[in-house]
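J.: I'd like to go over a predicted model; first the sequence, then the structure.
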Amino acid sequence: MRYSKCISCASYIGWIGLGTNLVLMILKGFVGFVSGSQALVADAMYSAKDVITSLLVIVGLKVSGRPLDREHPYGHGKIEFILSMIISVVFLGVTSLLLIHAIQVLMDDNVHSSPHIIALWTAIISILVNVVMYFYSRCVSIEVNSPMVRTLSRHHHADATSSVAVALGIIGAHYLNMPWIDTAVAVFETAHLMYLGSDVFREAYKGLMDGSAPEEVKQEISHQALKVAGVEAVEELKTRLVGQDLWVDMVIRVDAELTVDEASDICEDVSDRLVRVVPHMGSVHVKFTGEAVEQDDSDDLDDYSPVTL
């Protein structure tokens, strides 16, 4: 299945991301220190961030992919949100210290110097690697709907953007005789890191608090349910994100003249259609309601009769 292949690809991307970002972190950190480029040293922190993110992607996908069990009847998907929150908190703290240091260096005219040209070539290598990793991780994140892989994809995009800024800063410092530009880029990079950290934190918080799916996804779910014969209206729709999966609770209105068995069959048809059509559907719980639903003699049901897929 395509989904299974993407899960395997996601596990590979964790290891590939770990290796590439570890090399980039060491390379940019060493060259930045030797060449005197504050921006490249700050850029090394982007790669350090991705090293940790890649490790957590490996762990998160392994844990979240475990089947349901007695202790975890709703699965293990929330581990991805927990790990995403850990990433955001750690880097909000680290980048806050880096930002303070970069501002202090920027305001001290005595420490400004133009970095060696080797820093420029290192930044170009970083740009190329991160562009490739961005498109690769973005493809995987779309298919498996993993918050962790989506975070990794955004980080590679940010890394590529930051490396472009580093390259421009080095060019400005080296060729335009404005060494302060390199440090100014470092300030920009650390501030941008703080923004990324807060964005990841917000998404993780939403997932842990059972945030609902985007409005367009809920509209699509209702639209697909109404395509099923016998569904007169969607009376209630609740969604929540559980790691990579979307869980749905729905109440549909059917003809009051239908028997319980007929209404239950419609619920099953709705469940089947949603799982088949809507991406990343983890669990669908459909109930029906009617003004006067006819019941079998053996059934003692209220207005709602649940059918779970």
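T.: On my side now, so go ahead.

J.: any weak-confidence spans in the stretch 1-150 of the chain?
T.: Counting by pLDDT under 70, the stretch 1-150 of the chain shows low-confidence ranges at 1-11, 61, 64-65, 68-69, 72-75, 77, 101-102, 105-106, 108-114, 145-148.

J.: Swap in 50 and give it another go.
T.: Along the stretch 1-150 of the chain, the model assigns pLDDT under 50 to residues 1-4.

J.: just the helices in it please.
T.: Here the stretch 1-150 of the chain has its helices, by DSSP state H, counting those that start in this stretch, at 2-35, 38-64, 79-107, 118-144, 147-175.

J.: Confirm that Gly228 sits in a helix.
T.: Actually, residue 228 is Val rather than Gly. No. Val228: not assigned to a helix; according to DSSP: H, G, I helix; E, B strand; the rest coil it is coil.

J.: What residues does it make contact with?
T.: 266, 269-270, 273 (Cβ atoms under 8 Å, 6 or more residues apart in numbering). From N, CA and C alone the C-beta is placed, and that goes for glycine too.

J.: before we move on, the earlier item: using TSV, lay out the helices of the stretch 1-150 of the chain together with distance to Ile221 and mean neighbour count.
T.: Below are the helices of the stretch 1-150 of the chain laid out as TSV (distance: least, Cβ to Cβ, whole Å; neighbours: other Cβ atoms under 10 Å):
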stretch	distance to Ile221	mean neighbour count
helix 2-35	19	18
helix 38-64	22	24
helix 79-107	22	18
helix 118-144	19	20
helix 147-175	20	23
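
J.: okay if I get those as CSV plus distance to Leu196?
T.: Output for those, formatted as CSV (distance: least, Cβ to Cβ, whole Å):
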stretch, distance to Leu196
helix 2-35, 15
helix 38-64, 8
helix 79-107, 8
helix 118-144, 14
helix 147-175, 6
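
J.: Quick check: which of the ones you listed is nearest to Gly290?
T.: For Gly290, the closest of those is helix 2-35, at 35.9 Å, according to Cβ to Cβ.

J.: Could you tell me the angle between the closest one and helix 118-144?
T.: For helix 2-35 against helix 118-144, the angle by axes from the mean of the first three to the mean of the last three Cα atoms, to 10 degrees is 160 degrees.

J.: and the angle for helix 2-35 with helix 147-175?
T.: Going by the same axes, to 10 degrees, helix 2-35 makes 30 degrees with helix 147-175.

J.: residues contacting Gly14?
T.: 54-55, 57-58, 61, 152.

J.: how about a cut-off of 10 Å?
T.: The contact partners of Gly14, by Cβ atoms under 10 Å, 6 or more residues apart in numbering, come to 53-62, 137, 140, 148-149, 152.

J.: likewise Gly19?
T.: Here Gly19 is in contact with 51, 54 (criterion: Cβ under 10 Å, 6+ apart).

J.: Look up how far Lys49 lies from it.
T.: 15 Å (Cβ to Cβ, to the nearest Å).

J.: can you check Leu152 too?
T.: Leu152 is 10 Å from Lys49, by Cβ to Cβ.

J.: Now the common contact residues for those two.
T.: Common neighbours of Leu152 and Lys49 (Cβ under 10 Å, 6+ apart) are 21, 87.

J.: hang on, Ile252 in a helix?
T.: No. Under three-state DSSP, Ile252 falls outside any helix and is assigned strand.

J.: Going forward, count from 16.
T.: That works, and once the first residue is 16, the last one we named lands at Ile267.

J.: name the element the closest residue to it other than its chain neighbours belongs to?
T.: Using Cβ to Cβ, 6 or more residues apart in numbering and skipping the chain neighbours, the partner closest in space to Ile267 is Val246 (5.0 Å). For Val246, there is no helix or strand it lies in under DSSP states H and E.

J.: My understanding was that Gly47 contacts Leu55; is that so?
T.: Yes. Here Gly47 reaches Leu55: they are 3.2 Å apart, a contact under Cβ atoms under 10 Å.

J.: Mind pulling up the pLDDT for the residue nearest to Ile132 when sequence neighbours are not counted?
T.: Once flanking residues are discounted, Ile132 sits nearest to His189: 6.1 Å by Cβ to Cβ, 6+ apart. His189 is assigned 73 on the pLDDT scale.
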